[in-house]
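In: mind folding the following:
(chains A and B)
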Amino acid sequence: MQTPTIAGSAQPRLARGIRLQTDSKTGNSVLLFPEGVLELNETAQDIVSRCDGRTVCEIIHTLAEEYDIDPQMLGVDVRETLADLQRRKLIELK
Amino acid sequence: MIAPRPYALLAEITYRCPLHCPYCSNPTQTGNDQELTTDEWTRVIREAAALGVLQIGFSGGEPLARRDLPDLVRAAREANLYTNLITSGVGLDDERVRGLRDAGLDSVQLSFQSDKTDLADEIAGARAHQHKLDVAAKVRAAGIPLSLNFVIHRRNIDRLPEMIELAESLQAERVELANVQFYGWAFLNRGLCSQHVSKLFAREKSRQPPRRDWPARSTSFTCSRIITKPGPSPA
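Out: Residues are numbered from 1 along each chain as shown, chains lettered A, B, ... in the order given. This is a model prediction of the structure:
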């Protein structure tokens, strides 16, 4: 699969009206939006919870440090996740 | 085995409504005194949250017919629910928009009958289209996310591209195209909703009692509901 072209300087943020919260039933994070719920797995949660004004580069580097993974490899996954969330209009890239 | 879990509660808090759409899925026989009270709804909302519900849609009827709507929105937000108002927009002015936003309303889903004023008002049985356009702007101005909802039937299906354009021009985040649900009035009118277009708007007198408690601004709306003998089953 081709890596989505998302600039390292882009700043992903939750789109208007989208809420990130903890599901008290499971303890997992969920994204809430009109007529929908998206359950996030642990890694998606790690990415989404950092969509707070940080750049894509910064997100990749903090996660690479935490998980002790090569930023190059991790960057592909992070960009794919962000592209997916953007397609669903749950995040915006600025 | 994991028990199935509900994610959303559709709260039909009233069956009162100023519009008279033939495809309405409201029950045809209701009493206004049968609505749950504010306290009862607050309890239901808490119980729903305890079951795992994450979203609530305030619907009806027209949920704005209830003056305690901001209290219910607040109760839902306190229970950590995502709150969506499913409305015709009738009864929504600047003050009520602000009140609902301050109560924590997450999103508004505004119904439209068509992109054209005359057709929309004909379907709704009320002069509501222009008001809905104004409401969309007010919701936008208040910074609340906006979805548009169109129930699609043979009277408006050929306007689909224009209806989507309307959603774009009103800067809605989402647009929902819904099928007629053949319950209640829609079932009674099923012959009209699905067939016999020319007879669709042959109005007969309403069997519904006058709605005394509706805000004064809506008293100019015509109060007729299409009632016909059940037609043939939809194909």
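
In: which residues sit against stretch A:77-86?
Out: A:1, A:3-4, A:6, A:12, A:43-44, A:47-48, A:56, A:59-60, A:63, A:91-93 (CB atoms under 8 Å, 6 or more residues apart in numbering or on different chains). All C-beta spots, glycine's among them, are computed from the backbone N, C-alpha and C.

In: low-confidence regions, the chain specifically.
Out: You didn't pick a chain, so chain A it is. Applying pLDDT under 70 to chain A flags residues A:1-4.

In: was after chain B, sorry
Out: Ranges of chain B meeting pLDDT under 70: B:1-3, B:31-32, B:192-235.

In: B:Glu40 - how many residues pack around it?
Out: 10 (other CB atoms under 10 Å in any protein chain shown).

In: check B:Leu100 too.
Out: Based on other CB under 10 Å, the number of other residues close to B:Leu100 is 24.

In: give me the buried positions along the helix or strand encompassing it.
Out: Assigned by DSSP states H and E, B:Leu100 belongs to helix B:94-103. Using 16 or more other CB atoms under 10 Å in any protein chain shown as the test for burial, helix B:94-103 gives B:96-97, B:100-101, B:103.

In: now swap in stretch B:24-44 and tell me
Out: If you call a residue buried by 16+ other CB under 10 Å, then stretch B:24-44 has these buried ones: B:24, B:26, B:28, B:35, B:38, B:41-42, B:44.

In: touching the helix holding B:Leu100 from outside, list them.
Out: B:64, B:69-71, B:73-74, B:77, B:85, B:135, B:138-139, B:141-144.

In: now for whatever helix or strand A:Thr43 lives in, which elements pack on it?
Out: For A:Thr43, the host element (DSSP H and E) is helix A:42-48. When contacts are defined as 3 or more CB pairs under 8 Å, 6 or more residues apart in numbering or on different chains; DSSP states H and E, helix A:42-48 sits against strand A:29-33, helix A:56-67, helix A:71-87.

In: can you do 7 Å?
Out: strand A:29-33, helix A:71-87 (3 or more CB pairs under 7 Å, 6 or more residues apart in numbering or on different chains; DSSP states H and E).

In: so which other helices or strands are in contact with the shortest one?
Out: This points to strand A:29-33. strand A:19-22, strand A:36-39, helix A:42-48.

In: so which of these gets nearest B:Glu168?
Out: strand A:36-39 (20.5 Å; CB to CB).

In: B:Cys70: which element?
Out: Wrong residue type there; residue B:70 is Pro, not Cys. Here B:Pro70, judged by DSSP H and E, is contained in helix B:69-78.

In: roughly how far is that helix from the heart of the chain?
Out: Here the centre of helix B:69-78 is set off from its chain's centre by 18 Å, with CA atoms, centre = their mean, to the nearest Å.

In: buried ones in that helix?
Out: So helix B:69-78, judged by 16+ other CB under 10 Å, has buried residues B:69-70, B:72-77.

In: quick revisit: could you dump the helices and strands packed on strand A:29-33 to a markdown table with mean neighbour count?
Out: As requested, the helices and strands packed on strand A:29-33 are exported to a markdown table (neighbours: other CB atoms under 10 Å in any protein chain shown):
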| stretch | mean neighbour count |
| --- | --- |
| strand A:19-22 | 14 |
| strand A:36-39 | 16 |
| helix A:42-48 | 17 |
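
In: how about whatever helix or strand B:Met163 lives in: buried residues?
Out: According to DSSP H and E, B:Met163 maps onto helix B:160-169. Buried residues in helix B:160-169, defined by neighbour count with 16+ other CB under 10 Å: B:163-164, B:166-167.

In: so does whichever helix or strand comes after the helix holding B:Leu100 get close to chain A?
Out: Using DSSP H and E, the helix or strand that follows helix B:94-103 in sequence is strand B:107-112. Yes: counting by CB under 7 Å from any CB of the partner chain, chain A has neighbours in strand B:107-112: B:107, B:109.

In: Validate this expectation: B:Leu85 resides in a strand.
Out: Yes: counting by DSSP: H, G, I helix; E, B strand; the rest coil, B:Leu85 is located in a strand.

In: noted, bye for now.
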